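Novice: Sharing a model that was predicted from the sequence below.
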Amino acid sequence: MKTSTKLYLSLAFYLSVTIAFAQTTKVVDTPGGTVISTIGGNEIPHSTSILDIRSTNKGVLLPRMTTANRDVISVPQAGLLIYNTSTNQFNYHNGSSWQAASFGNQWGVNGSILHHGGQVGVGTANMTNNNTFLTVRGNLGGTNLEGMYVDASSNTGKAFYGYSVNDSSRAYHYFDGYTSKWNLAIGNTDRLTITSSGLVGIGTTSPGGKLHVVGSSYFDGGTFTTGQAEVNGSLYVNNNFDVDLDGYINRDAIVGRNLDVTGTSALDGNVTMGSNATVDGTLTVNNGKGVAYNASNSSNLRIYKFTTANFHAILPAHGSAVTAIAFNGGFTSTPHVMVADIASSSGTAGELDRVILILSGCNLSGGTTSCTAKIVNTDNSALDYNITWNCIAIGY
């Protein structure tokens, strides 16, 4: 009799708990899945779900643990999900390692690549314009530097920022940790280089001055240089070109207006001037070979100064002697040769001032110019002198 009383009491307690639970949450287990619901309705789970949980005012609370607790889970299955209380993030296991879960449709993960399909603001919620995909805004204020760094993994690495069109690299700039140079490359070729000491190279990665240009240079305005100016290619200036120190141009120079050089100017190529050229120092043209204006031809004249060999003139009164001179002045055609003055003389008889040298029949052959030389004594007395003459040849 006592046993029956205990059985009735136990059954009554079980029924009261079951009824109370049923009044708040309903659990229906079917062959297609399980429904847990506080809102009633259809007792069949959604056809794509093994577990269908329904509520209008409550959520699902997943296991919560620290990173240390998470990491001691033995052989976690891929897809295992927990809430990490150390980082306040949902974590999932991908079969190899734990990953931070990203929710929503803004960010995606492809292996180690985090990608985004829209605009991204760092430090700001506003884009510069509708064509901007990434805006980085600092918050230091004042005159502090604000921006971002691209950090290479070693001291000899090359940290770069690149530009591509349709996934094809077109240009990039980078800092070379090995050479300590900043470079701008277009088409996989370095076009502009700045060294750690501030030297700038255009067309060269080894600038030798504050500005080192290899190739043609164009200046539409005035150009002023207080130091040396060295140009390895053509130089085109549409306005004034002023150099306070030495200027070196290894190719053509075309200046639309005035050219003013205070120091030495060395020009290995052609110089075309639209106006005046003023040189306060030394002007070296064509490696010191000189230049002369030619009114009848577009080619510059070549001027060559030379001294004849010694002539031992032993001549009677009003006598003469015929000999020859030869010189190599770099002419391409037979030049005009003129006698200047006597370079040296020594003698024992006659008047030196009465002796003249006449040149004729000049001819160029194999780069050597030869002329017939006639020495004439115009004095009434005999002559005995050793004489050399200065001569000048002009031609092309």
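Specialist: That came in fine, so what should we check first?

Novice: Check the chain and tell me which residue is nearest its centre.
Specialist: Nearest residue to the geometric centre of the chain (C-alpha atoms, centre = their mean): L192, 1.8 Å.

Novice: Helix, strand, or coil at Y178?
Specialist: Here Y178 takes the coil state, with states given by DSSP: H, G, I helix; E, B strand; the rest coil.

Novice: Chain neighbours aside, what residue packs nearest to it?
Specialist: Counting by C-beta to C-beta, 6 or more residues apart in numbering, Y178 lies nearest to T156, which is 4.2 Å off, once chain neighbours are set aside. To be clear about C-beta, it is placed using only N, CA and C from the backbone, and glycine gets the same treatment.

Novice: did I read that right, the one you found in a helix?
Specialist: No - counting by three-state DSSP, T156 falls outside a helix, being coil.

Novice: when you give positions from now on, start the count at 376
Specialist: Happy to do that; since the first residue is 376 now, the last one works out to T531.

Novice: What pLDDT does the model give it?
Specialist: At T531, the pLDDT value in this model is 89.

Novice: One more: T698?
Specialist: T698 carries a pLDDT score of 94 in this model.

Novice: quick check, it in a strand?
Specialist: Yes - under three-state DSSP, T698 sits within a strand.

Novice: Who are the contact partners of T507?
Specialist: Q494 (C-beta atoms under 8 Å, 6 or more residues apart in numbering).

Novice: That one belongs to a strand?
Specialist: No - under three-state DSSP, T507 falls outside any strand and is assigned coil.

Novice: Test for you: state the pLDDT assigned to it.
Specialist: pLDDT at T507 comes out at 81.

Novice: Please apply the same query to the one 3 residues further on.
Specialist: Reported pLDDT at T510 in the predicted model: 83.

Novice: and it, what does it touch?
Specialist: Q494, V495, G496, V497, T499, N501, M502, T503.

Novice: so the first one sits right up against M502, yeah?
Specialist: Yes - because the distance of 5.2 Å satisfies C-beta atoms under 8 Å, Q494 is recorded as touching M502.

Novice: thinking again about what came up before, same list, the contacts of T510, but as JSON lines with pLDDT, secondary structure and distance to V410 please.
Specialist: Shown next, in JSON lines, are the contacts of T510 (pLDDT from 0 to 100; DSSP: H, G, I helix; E, B strand; the rest coil; distance: C-beta to C-beta, whole Å):
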{"residue": "Q494", "pLDDT": "80", "secondary structure": "coil", "distance to V410": "42"}
{"residue": "V495", "pLDDT": "82", "secondary structure": "strand", "distance to V410": "41"}
{"residue": "G496", "pLDDT": "81", "secondary structure": "strand", "distance to V410": "43"}
{"residue": "V497", "pLDDT": "81", "secondary structure": "strand", "distance to V410": "44"}
{"residue": "T499", "pLDDT": "82", "secondary structure": "coil", "distance to V410": "46"}
{"residue": "N501", "pLDDT": "81", "secondary structure": "coil", "distance to V410": "46"}
{"residue": "M502", "pLDDT": "79", "secondary structure": "coil", "distance to V410": "46"}
{"residue": "T503", "pLDDT": "78", "secondary structure": "coil", "distance to V410": "51"}
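
Novice: L732 - how many residues pack around it?
Specialist: When neighbours are defined as other C-beta atoms under 10 Å, L732 has 20 of them.

Novice: now swap in S719 and tell me
Specialist: Using other C-beta under 10 Å, S719 has 11 other residues around it.

Novice: neighbours of T518, just the number please.
Specialist: By the measure other C-beta under 10 Å, the count of residues near T518 is 6.

Novice: From H421, how far out is the closest residue to E418 other than its chain neighbours?
Specialist: Excluding the flanking residues, the one nearest E418 by C-beta to C-beta, 6+ apart is V403, at 4.3 Å. Distance from V403 to H421, counting by C-beta to C-beta, to the nearest Å: 13 Å.

Novice: Same question for N761.
Specialist: From N761 to H421 the distance is 127 Å (C-beta to C-beta).

Novice: coming back round to it: with distance to S591 and neighbour count as extra columns, can I get the contacts of T510 in a markdown table?
Specialist: As requested, the contacts of T510 are exported to a markdown table (distance: C-beta to C-beta, whole Å; neighbours: other C-beta atoms under 10 Å):
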| residue | distance to S591 | neighbour count |
| --- | --- | --- |
| Q494 | 42 | 15 |
| V495 | 42 | 14 |
| G496 | 44 | 14 |
| V497 | 42 | 10 |
| T499 | 44 | 12 |
| N501 | 44 | 10 |
| M502 | 41 | 15 |
| T503 | 37 | 12 |
